[in-house]
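# I'd like to go over a predicted model; first the sequence, then the structure.
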Amino acid sequence: MIYIISLEESTDRLNPLVEKLRGLNIFSYKIVRPIVVEEEVHNPTEGWNKQALSLKLTTIEIIKEAIEKDYPFIHIFEDDSVIDEKNYLKFMVNFNKFTEKDLNWDFIHLNWSNGNRFSLESVCGFGRTLDGVLCCQSYIINKEVYHEYLDCLLKYNTPIDEITKYLHRQRKRSFVVYEKPVIHERGKYSTIRQKIVNY
């Protein structure tokens with residue numbers, strides 16, 4: 001199941017993503033409206049504010065639904081995801097090969113940053129992260145980690161990519177796609193950080 005997290009008014013971000021998915025013959029997805037957080041968080045920082053809390057709370061509800069419906073895995077997009085069509089087509093083929101292997105895995109990040117250490121061998125073009133990566137703009141979550149991820153989301157008030165990075169480092173079962181199928185365009189507005197970002 002694919003989930004796309006998007007504000008109702010953000011059609012300028014959502015529509016190009018949906019059009020690109022349909023162009024890849026992907027028509028099954030669910031658009032999820034973020035949970036609204038009215039009050040500012042305690043001790044806010046650039047990365048932790050009410051928008052980041054909203055994303056965390058929304059992710060909690062998505063994971064709960066995935067558990068209830070027993071999805072084998074889910075794919076979450078934020079609506080500012082920009083798909084590289086060539087790399088995404090390659091990713092789709094490689095992901096099918098990857099899931100046919102008898103591997104234990106937790107997360108696969110289609111866009112990622114800040115990773116420095118990876119296993120020497122790649123698996124179907126995916127690299128196992130040893131020190132963890134950041135970025136949950138577009139990532140796949142395996143059912144094997146649903147409950148632990150949910151527990152951490154409920155327990156810690158921190159950005160979700162800090163939580164996934166913690167689980168990467170603890171469990172050593174998460175991967176990145178080396179040829180990124182999804183990018184974040186530089187110079188675009190970030191609804192989390194409430195400013196133009198260049199990453």
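Thanks, I have the structure now.
# could you check how many residues crowd around Thr99?
Look at Thr99: counted by other Cβ atoms under 10 Å, it has 15 neighbours. (Each C-beta comes from the backbone N, C-alpha and C, glycine too.)
# no, scratch that, I was asking about Ser113
The local packing of Ser113 (other Cβ under 10 Å) involves 14 other residues.
# run through the bridge partners of it.
As for beta bridges, Ser113 partners with Leu134 under DSSP bridges.
# hey, where'd the strands end up in the protein?
2-5, 30-32, 73-78, 82-83, 107-109, 126-128, 138-142, 175-177, 182-183, 188-190, 195-197 (DSSP state E).
# gap between the closest residue to Glu185 other than its chain neighbours and Val36?
Of all residues not flanking Glu185 in the chain, Val82 sits nearest, at 5.4 Å (Cβ to Cβ, 6 or more residues apart in numbering). Using Cβ to Cβ, to the nearest Å, we find Val82 at a distance of 26 Å from Val36.
# which one of the two has more residues nearby?
Using other Cβ under 10 Å, the more surrounded residue of Val82 and Val36 is Val82, with 17 against 10.
# for the more buried one, what are its contacts?
Neighbouring residues of Val82 by Cβ atoms under 8 Å, 6 or more residues apart in numbering: 16-17, 182-185.
# adding pLDDT, write those residues out as CSV.
Output for those, formatted as CSV (pLDDT from 0 to 100):
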residue, pLDDT
Pro16, 96
Leu17, 97
Val182, 97
Ile183, 93
His184, 80
Glu185, 70
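# just among those residues, which is most surrounded?
Val182 (24 neighbours).
# how far away is it from Val133?
According to Cβ to Cβ, Val182 and Val133 sit 13 Å apart.
# with Lys86 instead?
Where Val133 is concerned, Lys86 sits at a distance of 22 Å (Cβ to Cβ).
# which one's more surrounded, the two?
Using other Cβ under 10 Å, the more surrounded residue of Lys86 and Val133 is Val133, with 24 against 10.
# which one's the longest helix in the chain?
helix 50-69 (DSSP state H).
# pLDDT on it, on average?
The average pLDDT for helix 50-69 rounds to 97.
# chain center to it, what's the gap?
In this view, helix 50-69 has its centroid 12 Å away from the chain centroid, taken as Cα atoms, centre = their mean, to the nearest Å.
# cool, and stretch 35-51?
Stretch 35-51 sits 19 Å away from the centroid of its parent chain (Cα atoms, centre = their mean).
# end to end, how far does that stretch reach?
In stretch 35-51, first residue to last residue: 9 Å (Cα to Cα, to the nearest Å).
# how about that stretch: buried residues?
For stretch 35-51, the buried set under the neighbour-count rule, 16 or more other Cβ atoms under 10 Å, comprises 37, 48-51.
# same check on stretch 110-118?
110-112, 115, 118.
# also stretch 137-147?
Within stretch 137-147, the residues scored as buried using 16+ other Cβ under 10 Å are 137-142, 145-146.
# just stretch 16-25 next, same as before
Neighbour-count burial for stretch 16-25 flags 17-18, 20-21 (criterion: 16+ other Cβ under 10 Å).
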